[in-house]
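*Asks:* Quick one: sequence plus predicted model below, questions after.
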Amino acid sequence: MTRRLMNWVAAATMAVLGWTATPSQAQEWRGWNIHPPDYPVSRGLDRFAELVAQRSNNRIRLRPYHSAQLGQQDEAIQQMRLGSIDFAEFNLSPLNNLAASTQVLTLPFLFRDVAHLHAVLDGPIGDEIAADLEKVGIVPLAWYDAGARSLYTRRPVRAVEDLRGMKIRVQTSDLWIDLIRALGANPTPLPYGEVYTSLQSGVLDGAENNWPTYESARHFEVAKYYLTTEHSNVPEVLAVSATRWRRLNDADKAMLRAAARESATFQRQLWAERETQSRDRVVAAGTVVTEVTDRAPWAALMKPVYDKYAADPRMAALVARIRETR
């Protein structure tokens, strides 16, 4: 083996295995995030990095790479499990196949409001789901807000019957496909980057997402009718690689958890502010908002979804515990 090849192998091995220094030595961590730098999630990650640097006297230095600079989400998940990404902020949907319990948090019309969501995530149920993720190499430290998702369309929708036959964009997920189908619409899986042009051309009749995404992606320009179904309130997770985590002492683990939870409080406040700003902006630009004041008729249509995705005894028990949480 040539010296150049030997050097390359050594460098690659170090990148995958992460730091091999003792806990007292400086550590450089790489972090993944899909959102742009000014997004509430990104600012939350930056706050996490600041707190960790302060409390470790710069012994642990975290560098978030925003805007998916380190690859797309599926790639980043695999890199984290291998240990070549040290920390990240993930949407839960792509984690469903790794830890089945994460799927319960994506079920439609499950949370009464944001306060209910936080009570669940910050309590024993959140800890239980986090433990499942840790078994597959991803160690959750805190839960971030990603907002309630609602429907928006090219023509008015005032009741569930109006959706019948509409082509609605969904994420590439069996659960999301079944959710939209249960509403009587035609689910159309498409990459996020194709939504604007597909709405504009009429390939899609509508889509679903939260206020900040609807505004920042400028979907309000081509689908001006927003219906506040708030059918899903899937959180996101701030996590570290199990490879990195196992090499920390107990004091550093406690410090990182505390910093992550403080950053989550900060991020949640930023998210609430951004939701209000985004809603105000699109309404000023001409969006027509229809408020759904009674979600019971919508939720009643979700029985096939729950029968399919929450039939397992453990999942059914989690659903019951979530609904009982106050």
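*Replies:* Thanks, I have it.

*Asks:* My reading is that P156 is in a helix; is that accurate?
*Replies:* No: counting by DSSP: H, G, I helix; E, B strand; the rest coil, P156 falls outside a helix, being coil.

*Asks:* Ignoring the adjacent residues along the chain, who's closest to it?
*Replies:* Once flanking residues are discounted, P156 sits nearest to Y225: 5.1 Å by CB to CB, 6 or more residues apart in numbering. The C-beta positions use only the backbone N, C-alpha and C, and glycine is treated the same way.

*Asks:* Pretty sure that neighbour sits against V282.
*Replies:* No: counting by CB atoms under 8 Å, Y225 does not reach V282; the two are 11.0 Å apart.

*Asks:* Compare neighbour counts for those two and give me the winner.
*Replies:* A direct count of neighbours by other CB atoms under 10 Å for Y225 and V282 places V282 higher, at 22 against 19.

*Asks:* ok, now which ones touch that one?
*Replies:* Contact analysis of V282 by CB atoms under 8 Å, 6 or more residues apart in numbering lists W211, Y214, E215, F220, Y226.

*Asks:* swap the cut-off to 6 Å and go again
*Replies:* Taking CB atoms under 6 Å, 6 or more residues apart in numbering, we find V282 in contact with E215, F220.

*Asks:* Please name the nearest non-neighbouring residue to N210.
*Replies:* G147 (3.3 Å).

*Asks:* Need the phi and psi values for that neighbour.
*Replies:* G147 adopts backbone torsions of phi 80, psi 160, taken as degrees, to the nearest 10.

*Asks:* How about the secondary structure of A142?
*Replies:* strand.

*Asks:* is it true that it touches A259?
*Replies:* No: counting by CB atoms under 6 Å, A142 sits too far from A259 to count as a contact (8.8 Å).

*Asks:* Who has more neighbours out of the two?
*Replies:* Per other CB under 10 Å, whichever of A142 and A259 has more neighbours is A142, with 28 against 25.

*Asks:* show me the contacts for that one.
*Replies:* L238, A260, R261, A264.

*Asks:* can you tell me how far the second one sits from I129?
*Replies:* What that stands for is A260. According to CB to CB, to the nearest Å, A260 stands 15 Å off from I129.

*Asks:* and L151, that's in a strand?
*Replies:* Yes: the assignment for L151 is a strand, going by three-state DSSP.

*Asks:* Run a quick neighbour tally on it.
*Replies:* There are 27 residues near L151, going by other CB under 10 Å.

*Asks:* What's the separation between it and V120?
*Replies:* 24 Å.

*Asks:* How about N209?
*Replies:* Distance from N209 to V120, by CB to CB: 22 Å.

*Asks:* quick one: the helices in the stretch 201-326 of the chain?
*Replies:* 211-216, 242-245, 250-284, 296-300, 303-309, 313-324 (DSSP state H, counting those that start in this stretch).

*Asks:* swap in the stretch 51-200 of the chain?
*Replies:* Under DSSP H, counting those that start in this stretch, the stretch 51-200 of the chain gives helices at 73-82, 114-121, 124-134, 174-182, 195-201.

*Asks:* mind putting the ones you listed in JSON lines, mean pLDDT included?
*Replies:* Formatted as JSON lines, these follow (pLDDT from 0 to 100):
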{"stretch": "helix 73-82", "mean pLDDT": "94"}
{"stretch": "helix 114-121", "mean pLDDT": "97"}
{"stretch": "helix 124-134", "mean pLDDT": "98"}
{"stretch": "helix 174-182", "mean pLDDT": "94"}
{"stretch": "helix 195-201", "mean pLDDT": "97"}
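
*Asks:* mind checking which of those helices is nearest D250?
*Replies:* Closest of the helices of the stretch 51-200 of the chain to D250 is helix 124-134, at 15.6 Å (criterion: CB to CB).

*Asks:* what does the closest one rub up against?
*Replies:* For helix 124-134, the surrounding residues in contact (CB under 6 Å, 6+ apart) are A99, S101, T102, P140, R321.

*Asks:* neighbours of the closest residue to P304 other than its chain neighbours, just the number please.
*Replies:* Closest residue in space to P304, ignoring its immediate chain neighbours: A182 at 5.5 Å, by CB to CB, 6+ apart. By other CB under 10 Å, the residues close to A182 number 20.

*Asks:* correct me, but A182 touches A300?
*Replies:* No: when contacts are counted by CB under 6 Å, A182 is not listed as touching A300 (9.9 Å).

*Asks:* wait, what's in contact with S198?
*Replies:* S198 is in contact with L204, counting by CB under 6 Å, 6+ apart.

*Asks:* And for the closest residue to S232 other than its chain neighbours, the neighbour number?
*Replies:* Residue nearest to S232 in three dimensions, not counting chain neighbours: R149, with 4.5 Å by CB to CB, 6+ apart. Per other CB under 10 Å, the neighbour tally for R149 reads 21.

*Asks:* confidence score at R149?
*Replies:* Per-residue confidence (pLDDT) for R149: 96.

*Asks:* All set now, cheers.
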